[in-house]
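Undergrad: need coordinates for the below:
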Amino acid sequence: MQLTPEVTTALTRITKMRDQAFYWYDSNLITKQCRQFTAIPYENKSVHFATMANASPDFLRLTRNAGIKVFVNSLGHLQIAQYVGYSGRDIVFTSSGMSDSLLSSVRNSGAVLNLDSTSQLRRFWKLYPDAPVGLRCNIGDRVTPRKTRSGYFLGKDSRLGLDLPEIEALAGNPFIEGLHLYLGTDIMDLDYFRECYEVMAELAVLFPKLSYLDFGGGFGVEDTGGAHFPMEEFGQLVTEQMNALSARMDRSIQMLLEPGRIIGAEAGYLAVRVTDVKHRNGRQLIGVNASSAQFTRPLLYPDDAYHPVFRLNGQDGPLMDTSVYGCSTYSRDFLAHDIQLPEVEEEEWLVFSLAGSYCASSYTRFLGFEQIEEIFS
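TA: Numbering: from 1, shown residues only. Presented below is the predicted three-dimensional model:
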């Protein structure tokens with residue numbers, strides 16, 4: 001992976017006007033990623049961007065203009081979605097541990113609601129008797145759950161969703177309108193999607209009024225080997241599965257998808273200015289004007305967060321073992337470990353790629369730094 005001339009030009013132009021670190025997004029690439037999902041052949045579909053990946057209003061305006069809707073899991077993100085113009089069933093809401101007041105807020109918004117437990121279901125129907133609702137499903141008894149970057153989302157090691165006996169106990173209920181699934185994060189293996197989706201199709205026939213299957217997200221982003229998610233093959237897979245299910249149920253069943261990181265990851269870059277350089281035991285330690293509290297994926301996933309680092313305009317030279325550290329005394333404030341860069345000088349700019357999702361959005365005030373500005377062009 002390399003910075004393209006277009007990206008280099010855009011970033012260089014911005015660095016000439018500012019000293020502070022910034023996130024920059026290629027708006028055209030975000031739109032292109034959205035349209036890969038809207039181009040899936042299955043006609044009765046609804047694509048919802050998972051706002052946990054990036055809830056910036058400017059980002060959500062891009063997704064809305066590209067024709068995709070939103071998936072949220074908090075009242076705060078629901079309100080941001082409404083602020084940029086999403087409403088009603090444009091919004092899918094799925095969460096856990098929901099209070100009665102939150103259930104009411106989501107119900108009153110008109111959003112599609114998927115519930116995470118029999119307790120939530122009981123309390124929801126006490127508040128709104130016979131109101132249609134969806135279920136989040138833990139199908140770990142029917143598949144071999146796979147551990148993804150954020151852990152297990154299926155099976156006995158996952159806290160999420162109703163298990164199969166709980167789902168089957170509701171068979172025939174006319175007020176279950178949909179089933180929701182989430183497999184994990186950064187999955188490239190289509191066979192795992194296929195296997196899990198087949199189980200969901202089998203569960204769908206238990207509910208006479210079911211109108212949608214929500215397959216969630218989990219679509220992989222470029223890894224260290226340069227692999228990309230096989231989007232065209234995935235589209236063919238889900239189209240075949242949904243056509244078969246609709247034929248079996250003698251009506252068109254809507255398919256919902258919730259792409260998150262894949263929509264913006266490759267479109268986003270973090271640019272930071274070098275403020276300090278140290279040399280220790282043949283290693284180069286580079287200090288920059290940003291913190292892992294502002295760029296959290298290396299902090300949250302120290303073993304496998306993949307964000308290739310580039311010098312924006314520096315000279316080539318012999319590569320050195322390098323780490324990039326943040327502007328605090330926190331011992332874990334590193335933005336990159338064990339990478340290879342030429343010798344770097346103060347005032348240069350470094351660029352972290354694959355930074356458009358779960359980076360700016362997961363900012364924390366833990367170390368007292370302000371949120372880094374996001375620039376879209």
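Undergrad: so what's Asp90 up against?
TA: Taking C-beta atoms under 8 Å, 6 or more residues apart in numbering, we find Asp90 in contact with Lys69, Val70, Ala81. The C-beta positions use only the backbone N, C-alpha and C, and glycine is treated the same way.
Undergrad: wait, is the second one part of a helix?
TA: Right, Val70. No - under the criterion used here (DSSP: H, G, I helix; E, B strand; the rest coil), Val70 is strand, not part of a helix.
Undergrad: who touches stretch 98-115?
TA: With contact meaning C-beta under 8 Å, 6+ apart, stretch 98-115 is reached by 72, 75, 78, 82, 87-89, 91-95, 116, 120-121, 123-124, 127-128, 131, 133-136, 178, 180, 212, 214, 256.
Undergrad: what are the buried residues along it?
TA: Neighbour-count burial for stretch 98-115, counted by 16 or more other C-beta atoms under 10 Å, picks out Met98, Leu102, Leu103, Ser105, Val106, Arg107, Ser109, Ala111, Val112, Leu113, Asn114, Leu115.
Undergrad: is the last one in a bridge, and if so with what?
TA: The reference is to Leu115. Leu135 (DSSP bridges).
Undergrad: can you pull out the low-pLDDT segments for the stretch 151-300 of the chain?
TA: Scanning the stretch 151-300 of the chain for pLDDT under 70 picks out 151-155, 224-225.
Undergrad: which one of the contacts of Asp90 is nearest to Arg251?
TA: Closest approach to Arg251 among those (C-beta to C-beta): Lys69, at 22.0 Å.
Undergrad: Ser46 is in contact with the closest one, correct?
TA: Yes - the criterion here is C-beta atoms under 8 Å, and Lys69 meets it with Ser46 at 6.1 Å.
Undergrad: the more surrounded of these two?
TA: A count of neighbours by other C-beta atoms under 10 Å puts Lys69 above the other of Lys69 and Ser46, at 21 against 18.
Undergrad: so what are the domain limits for this structure?
TA: Using automatic domain parsing, the domain parsing of the chain gives 5-24+265-376, 27-264.
Undergrad: what's the end-to-end length of the first one?
TA: I take that to be domain 5-24+265-376. This stretch, domain 5-24+265-376, spans 17 Å end to end (C-alpha to C-alpha, to the nearest Å).
Undergrad: now do stretch 253-268
TA: One end of stretch 253-268 to the other measures 35 Å (C-alpha to C-alpha).
Undergrad: buried stuff in that stretch?
TA: Buried positions in stretch 253-268, judged by neighbour count with 16+ other C-beta under 10 Å: 253-268.
Undergrad: sorry, back to before: just the buried residues of stretch 98-115: which are in strands?
TA: Using DSSP state E, the subset of these located in strands is Val112, Leu113, Asn114, Leu115.
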